[in-house]
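Visitor: This is a predicted model, with the sequence first.
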Amino acid sequence: MRLVFIYGMPATGKLTVAQELAKLTGYKLFHNHMVVDLLLSSFEFGSAQFVRLREKIWLGVFREAARANVPGLIFTFNPEKTVGAGFVAQAVETVANGGGRVDFVELVCPLDELRGRMASESRLKYRKLASLELFDKLEADGVFDTAHMPKAAVTIDTSVTAPAEAAEQIRSSLMLAD
């Protein structure tokens, strides 16, 4: 199994690009808000229960997809401080133990552009961070630091690259099935 692990700050277009990549490759899309939204129905964001279950579900899906020989899975991820320090390494190990590999893709975008995208309708639809005030506070506090992430095989600036073009760049750079 190939796990295409797309990460970046809020509003970089991870889900939009992932949707385009899924169309190009036929890979299944497992965006992080599927689990976040599920858990928000019962737990506060960042609570011990929320964090533990979120990572357990994410890793469980990776493990079962590898066991089921799913050819490819696209995962969207926002590195932030409520995610356990060892999660990314556990994800790589889980997929590798199932005979697969992880390809990291980073989406970047200038801060002013991110701020302009913050309250978009697509963000509200998935209960994503949409408050500019909260985004600015979290960003100033270093919550979205990606320094601990593995080096990306592909990095794309979504302020100058359309989602379909970004997906094609990912597909061709990683030599994914089409």
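Guide: Alright, I've got the coordinates.
Visitor: Not counting sequence-adjacent ones, nearest residue to F30?
Guide: Closest residue in space to F30, ignoring its immediate chain neighbours: F75 at 5.1 Å, by C-beta to C-beta, 6 or more residues apart in numbering. For glycine as for every other residue, the C-beta is placed from the backbone atoms N, C-alpha and C.
Visitor: er, R115 I mean
Guide: Going by C-beta to C-beta, 6+ apart, R115 has L132 as its nearest residue, at 6.0 Å.
Visitor: got a list of what K125 touches?
Guide: With contact set as C-beta atoms under 8 Å, 6 or more residues apart in numbering, K125 has no partners.
Visitor: Repeat that for M118.
Guide: M118 neighbours (C-beta under 8 Å, 6+ apart): 10-11, 129-132, 135.
Visitor: if I look at the residue lying closest to G72 once chain neighbours are set aside, how far off is L3?
Guide: Excluding the flanking residues, the one nearest G72 by C-beta to C-beta, 6+ apart is Y27, at 3.3 Å. For Y27, the distance to L3 (C-beta to C-beta, to the nearest Å) stands at 9 Å.
Visitor: More neighbours: the two, which one.
Guide: Remark: of Y27 and L3, L3 carries more neighbours, 26 against 23, as counted by other C-beta atoms under 10 Å.
Visitor: before we move on, what SS does the more buried one have?
Guide: Here L3 is recorded as strand under DSSP: H, G, I helix; E, B strand; the rest coil.
Visitor: Bridged to it, which residues?
Guide: L73, V102 (DSSP bridges).
Visitor: rewinding a little: isn't the residue nearest to R115 right up against G116?
Guide: No: at 9.1 Å, L132 does not count as touching G116 under the criterion of C-beta atoms under 8 Å.
Visitor: buried stuff in the one helix or strand in the chain whose mean pLDDT sits lowest?
Guide: The weakest-scoring helix or strand in the chain, judged by mean pLDDT, DSSP states H and E, is helix 121-125 (a mean of 73). Within helix 121-125, the residues that count as buried by 16 or more other C-beta atoms under 10 Å are R123.
Visitor: for stretch 100-109, same thing?
Guide: Buried, per 16+ other C-beta under 10 Å, within stretch 100-109: 100, 102-109.
Visitor: Distance to A162 for these - can I get that in JSON lines?
Guide: Shown next, in JSON lines, are those (distance: C-beta to C-beta, whole Å):
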{"residue": "G100", "distance to A162": "29"}
{"residue": "V102", "distance to A162": "25"}
{"residue": "D103", "distance to A162": "21"}
{"residue": "F104", "distance to A162": "21"}
{"residue": "V105", "distance to A162": "16"}
{"residue": "E106", "distance to A162": "17"}
{"residue": "L107", "distance to A162": "12"}
{"residue": "V108", "distance to A162": "15"}
{"residue": "C109", "distance to A162": "13"}
